[in-house]
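**Q** all I have is the shape, not the residue letters:
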Ligand code: MOS
């Protein structure tokens, strides 16, 4: 810590801690307005069909019903974060071409607004919808075939996105390769399962703005999408977030925002909705299932010389963030390694499944699962230590990545891996190199233990040329000394503690204790655009904006302005998209680096896996609030553990068979590691505020391959598919003659 830092680097108590512990903090569903009505949504009954007619007469006649809204009531019946390919409400009568087709069960068809929630729920079932079924395609491989049903006119063969990498000369690479390993890796859906399902209120505020109180990740983008669909200027729309019960990428896309605004605008009274858990699981997107074929080659000395990969990602029925998620997977599928010759083809493919989209890691976990399993297989084939092999190949400052350019300066993969390995207690480093320490096996012969390692990298910030901005205002009040500081910064605190970090950074930049700082955020009426609370970007982006605004405000303060108020827009260094032929790009301006070590026990009779201990090593650049970082690490490890071994969303012909937390199992206190150790390293990012890098997604990324590595260590078996549910594990064990009764 440098001498002048006095607030950052400290575990300041979260601003929201007391309110959340006592239950006083309102989440969207807790807020009520005078005279409010209730809304229910009729979701599509079919997976793929054309709606020929909607009869709302019975619903309208139902006691308590105030309004029934369908496609014909939506001014501009389309939305989408990147591509506006989804109708707000599916059905006939709107100007949007193709809006009469439902393409998945998440599609919304009609809204009922009534005096009570019960009346709305009863009436919504009385709407009579006539469908003409269309053929369903629920598998991306089939969807790419010529004769498959076509879902969108802009995507021939349902291919939404195809990226390439053509780096070096891959045939020459294979000629040099002395050892080659291959695999076909498969990953499943994952549900965000955040605390409060989608909920909120729409109303007309005191200035006549159509206003929505909701949980999201980016107030200004929500506002833009609402304004587009309602055909209103953005200034006539307002978005406010109260407390947000987790988001993890699941609140990046619209759920109840537009329909709440539409309903409030139509009826002129406050309208409230709370989704059930089932509605939430059906109604919002999931993590992309991917199939990744990979073939890697190395010399006998363990230098990677060639890699090939094909990624097929199931995008589901609408684009959401698929092009961006696929972009990350495409970048990360060759691992954080220097590979001089590489050929990658990545596809995001429309199907009639629920849309896939953002989820913590954003394509990174799937790619890392393939890349790190490949690395584990190579180490075995070469008879080399897992850490040693990785250290021989990791990208360093100046190394050329498979996209033909170096990572931005400050690449610390080698240190993160080496320090993590030492602090994990599973490795030692001697003059002979890296060596695994022996592991104590359980006395019960049906149980076996192993240790695995995996590493990864994750971009901080939007990628591939997307504009990056963050606005902050700092206001200094007082006469002779600064008595009060007000910061306006819209960045969403989705539960990660961002607001506490913002206040710490403002206090540090102005030079006052945190108690003097007040934050105004989460409201488009009072803040500038800060971009999304996603891509591990908020500390980095908001920190730079707050720092800039504080410097300008302090200058005004010194010039005797009272109050001294300054606004600053931080713009991150520019990035570039993939070249369509070669994939050459400067995709990102900053990264965070991670290495994880997992100790795992498997019951060879039942296939049950216990993740006993996880050590997660990170370069965070600068720990603004160390306890918040530990919270992120521990939370991500639990979430990634669920992804790797438990969470099994079962779909059939586009329908989700287990849309309940009683059948879609997520980790509880019984399932989490006995110990999760955070190793927090601080190698400053030259562009980060006080050197900080992002770190929110990084601890999610390598856990699954660390676990499969540990399973291989325990059993000698390669597991190429997650989730590692017991029946899948047992099947592989029995194949190898293990655990036969
Ligand atoms: Mo996040 S998955 O970048 O919202």
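**A** Yes, it's here. Since we're looking at a predicted model, the values are computed, not measured.

**Q** quick check: the residue in the stretch 501-650 of the chain positioned nearest to the ligand vs residue 251, distance?
**A** Taking CB to the nearest ligand atom, the ligand has its nearest neighbour within the stretch 501-650 of the chain at residue 534, 3.0 Å off. (Glycine included, C-beta is placed from N, CA and C.) From residue 534 across to residue 251, the span is 9 Å (CB to CB, to the nearest Å).

**Q** which residues do those two both contact?
**A** Counting by CB atoms under 8 Å, 6 or more residues apart in numbering, the residues touching both residue 534 and residue 251 are residue 217.

**Q** neighbour count: those two, which is higher?
**A** residue 251 (29 against 25; other CB atoms under 10 Å).

**Q** where does the prediction get shaky in the chain?
**A** Applying pLDDT under 70 to the chain flags residues 1-4, 741.

**Q** please list the residues of this protein that sit near the ligand.
**A** Taking CB under 6 Å from any ligand atom as the contact definition, the chain meets the ligand at 217, 249, 252, 358, 359, 360, 362, 534, 535.

**Q** could you look up the SS state of the second one?
**A** The one in question is residue 249. Secondary structure assignment for residue 249 (DSSP: H, G, I helix; E, B strand; the rest coil): coil.

**Q** longest helix in the protein, by residue count?
**A** Across the chain, the longest stretch assigned as helix under DSSP state H is helix 538-558.

**Q** which strands and helices lie in contact with that helix?
**A** strand 470-478, strand 482-489, helix 498-510, strand 564-570 (3 or more CB pairs under 8 Å, 6 or more residues apart in numbering; DSSP states H and E).

**Q** now the last one against helix 498-510, angle please.
**A** Here strand 564-570 points in a direction 120 degrees away from that of helix 498-510 (axes from the mean of the first three to the mean of the last three CA atoms, to 10 degrees).

**Q** tell me the strands beside strand 564-570, with direction?
**A** strand 470-478 (antiparallel) (DSSP bridges).

**Q** need the contact list for residue 353.
**A** Per CB under 8 Å, 6+ apart, neighbours of residue 353: 104, 138, 314, 316, 317, 651, 654.

**Q** pretty sure residue 599 sits against residue 613.
**A** Yes. With contact defined as CB atoms under 8 Å, residue 599 counts as touching residue 613 (4.2 Å).

**Q** of those two, which one has the most company?
**A** Neighbours per residue, other CB under 10 Å: of residue 599 and residue 613, the larger number sits with residue 599, 26 against 18.

**Q** so what are the sheet partners of the helix or strand encompassing residue 309 and their directions?
**A** Assessed by DSSP states H and E, residue 309 sits inside strand 304-316. Sheet pairing for strand 304-316, assigned by DSSP bridges, gives strand 290-298 (antiparallel), strand 342-350 (parallel).

**Q** now that strand: how far from the chain's centre is it?
**A** 20 Å (CA atoms, centre = their mean, to the nearest Å).

**Q** likewise for stretch 585-598?
**A** For stretch 585-598, the distance to the chain centre is 15 Å (CA atoms, centre = their mean).

**Q** mind listing what the closest residue in space to residue 265 that isn't next to it in sequence touches?
**A** The shortest distance from residue 265 to any residue other than its chain neighbours is 5.1 Å, reached at residue 210 (CB to CB, 6 or more residues apart in numbering). Residue 210 sits next to 202, 204, 226, 230, 232, 236, 237, 238, 261, 264, 265 when contact means CB under 8 Å, 6+ apart.

**Q** ok, the third one - contacts?
**A** It refers to residue 226. With CB under 8 Å, 6+ apart, residue 226 has these contacts: 210, 212, 232, 237, 239, 257, 258, 261.

**Q** now it: how far from residue 177?
**A** Applying CB to CB to residue 226 and residue 177 gives a distance of 53 Å.

**Q** could you do the first one as well?
**A** Residue 202 is 59 Å from residue 177, where distance means CB to CB.

**Q** where does residue 193 land in three-state SS?
**A** coil.

**Q** my guess is it contacts residue 661, does it?
**A** Yes. Between residue 193 and residue 661 there is a contact under CB under 8 Å: 6.7 Å.

**Q** and these two? Which one has more around it.
**A** residue 193 (19 against 14).

**Q** what's the closest non-adjacent residue to that one?
**A** Per CB to CB, 6+ apart, closest to residue 193 is residue 666, 5.2 Å.

**Q** check residue 320 too.
**A** Leaving out its chain neighbours, the residue that sits closest to residue 320 by CB to CB, 6+ apart is residue 357, at 3.6 Å.

**Q** the one you found: neighbour count?
**A** Neighbour tally, residue 357, other CB under 10 Å: 26.
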